[in-house]
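> build me a structure from this.
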Amino acid sequence: MKIHIKTFFGLEELLADEVKQLGGQNVQVHKRSVACEGDLEFLYRANYNLRLALKILVPVYQFQARTEQQLYDQVMRHDWSTYLSLNQTFAIDNTVFSEFFRHSKYAALKTKDAIVDQFRKKTGRRPSVDIKNPDIQFDLYAYKDQFTISIDSSGDTLNRRGYRDVGHEAPLNEVLAAGLLKLAGWEKNIPLIDPMCGTGTILIEAAMMGQNIPPQINRRNFSFQNWTNYHPTIWNRVVAEGRAGVRKAQLQISGGDVDGNTVLMANKSLRKFKLSDAVNIQRIAFEDHRPKTPNGMIVSNPPYGERIGRTNTNEFYKTISDILKNNFQGFDAWLLSSNMEAFKHLKLRASKKIVLFNGSLECKFQKYEMYKGSREN
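Predicted coordinates for the structure are as follows:
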């Protein structure tokens, strides 16, 4: 079975390593995705265990089309009852880069029409569309005149680990937070600090990694559970093995934030996953933060604007560099920001610079090595 796994730009090679470790075969790296092959058990393991995956798709039909009628006719040629029954709801996600189909939603609409018309022609009835919570989620991808329709095995995006309250979206995507830790080379024996942690996404992801907690350990519903070939016995074995692999470990993970409300949310998330003993998050201003170890690592997504309570973001970034030089000698500091202008005001020389995207927002992830007499730019 061919499998297509979506991720963020810049995390593809790291995701490929994860896929290989889980047993994926014929792994290939693409832009914002990784392709591989595997059986149903691997598909289940991938959904449950991959930290850097956003969606896991199974391509089921490829074709060529340059007009609306060709698109409709091609979709009609495939037997959709293999994946969808009359009593199930469905929806179609779409990504279209084509001069022939300038409105991606219209391409998805024609695909939907063809699927329901095929059912109506065969049975006299049609399945219903449910955009918010479909039983079966199809993914339509087009580049120029080449189309691929996949069936989505995940459902909700896999960054939704379950430690956030419903409706609460953190500024930093959970998959990207896990990617930052891997890009920085963090290991569980390295003291980790996020002194501007907000709701604690980076620290929570680190604690889950450090204790080998599967990212979807608390998730109950995946789209593949609605498939006709779903095997609950295999799935239950994957879950049991994942839970058995959790290892409580002594971790030196801590953080703080000046905003009391975000600290409350962070600690609530820690309690949900029983990580309060592994991570210490307190309300404290960045300027007052002091490390408890002589060396370690900082991984942080510095706030700006209203959250820092300052009108001059550039001045705050100057403060960041002063505090790092004075209080965190012996640490490697990795900072992520979409504010390129503010980055210029860090009076430190970056030893590494990595371009990433948080959603559609372009960011830079930069490494600063703190040692006595850190050189200014």
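> show me the domain layout of this protein.
2-152, 174-211+247-369 (automatic domain parsing).
> end to end, how far does the longest one reach?
Read that as domain 174-211+247-369. Counting by C-alpha to C-alpha, to the nearest Å, you get 25 Å between the two ends of domain 174-211+247-369.
> quick one: mean pLDDT for it?
Averaging pLDDT along domain 174-211+247-369 gives 92.
> closest to R161 out of the domains of the chain?
R161 lies closest, by C-beta to C-beta, to one member of those: domain 174-211+247-369, at 5.6 Å. Yep, even glycine has a C-beta here, placed from its N, CA and C like the rest.
> want to try CSV for the domains of the chain, with mean neighbour count and distance to E241 as columns?
Converted to CSV, the domains of the chain look like this (neighbours: other C-beta atoms under 10 Å; distance: least, C-beta to C-beta, whole Å):
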stretch, mean neighbour count, distance to E241
domain 2-152, 18, 8
domain 174-211+247-369, 19, 13
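> okay, the ones you listed in TSV with distance to N159 next?
Shown next, in TSV, are these (distance: least, C-beta to C-beta, whole Å):
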stretch	distance to N159
domain 2-152	6
domain 174-211+247-369	4
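> and V27, backbone torsions?
Listed backbone geometry of V27 is phi -70, psi 130, with angles given as degrees, to the nearest 10.
> name the nearest residue to it, sequence neighbours excluded.
C36 (4.6 Å; C-beta to C-beta, 6 or more residues apart in numbering).
> and Y83, by the same measure?
Nearest non-adjacent residue to Y83, counting by C-beta to C-beta, 6+ apart: I151, 5.5 Å away.
> before we move on, the earlier item: so the residue nearest to V27, which of the three states?
strand (DSSP: H, G, I helix; E, B strand; the rest coil).
> check contacts around the nearest residue to T89 once chain neighbours are set aside.
Nearest residue to T89, sequence neighbours excluded (C-beta to C-beta, 6+ apart): D130, at 3.6 Å. Shown in contact with D130 (C-beta atoms under 8 Å, 6 or more residues apart in numbering): 89-91.
> helices along this protein, start to end?
With DSSP state H as the criterion, the chain has helices at 12-22, 40-49, 68-77, 104-123, 174-184, 201-210, 232-244, 260-272, 313-327, 340-343.
> could you check the angle the longest one makes with helix 68-77?
The reference is to helix 104-123. Using axes from the mean of the first three to the mean of the last three C-alpha atoms, to 10 degrees, the inter-axis angle of helix 104-123 relative to helix 68-77 is 40 degrees.
> which secondary structure elements does helix 104-123 contact?
Under the contact criterion of 3 or more C-beta pairs under 8 Å, 6 or more residues apart in numbering; DSSP states H and E, helix 104-123 touches helix 68-77, strand 90-97, strand 136-143.
> out of these, which is closest to V258?
Of all the helices and strands packed on helix 104-123, strand 90-97 sits nearest to V258, with 38.6 Å by C-beta to C-beta.
> identify the residues contacting that closest one?
By C-beta under 8 Å, 6+ apart, strand 90-97 touches 84, 104-105, 107-108, 111-112, 115, 127-131, 134-144, 152.
> so for the residue positioned nearest the centre of the chain, what's the nearest residue that isn't a sequence neighbour?
Centroid-nearest residue in the chain, with C-alpha atoms, centre = their mean: V175, separated by 2.6 Å. Leaving out its chain neighbours, the residue that sits closest to V175 by C-beta to C-beta, 6+ apart is N159, at 4.3 Å.
> so what does the one you found have for phi and psi?
In terms of degrees, to the nearest 10, the main-chain angles of N159 are phi -70, psi -20.
> that one: neighbour count?
Neighbour count for N159, taken as other C-beta atoms under 10 Å: 23.
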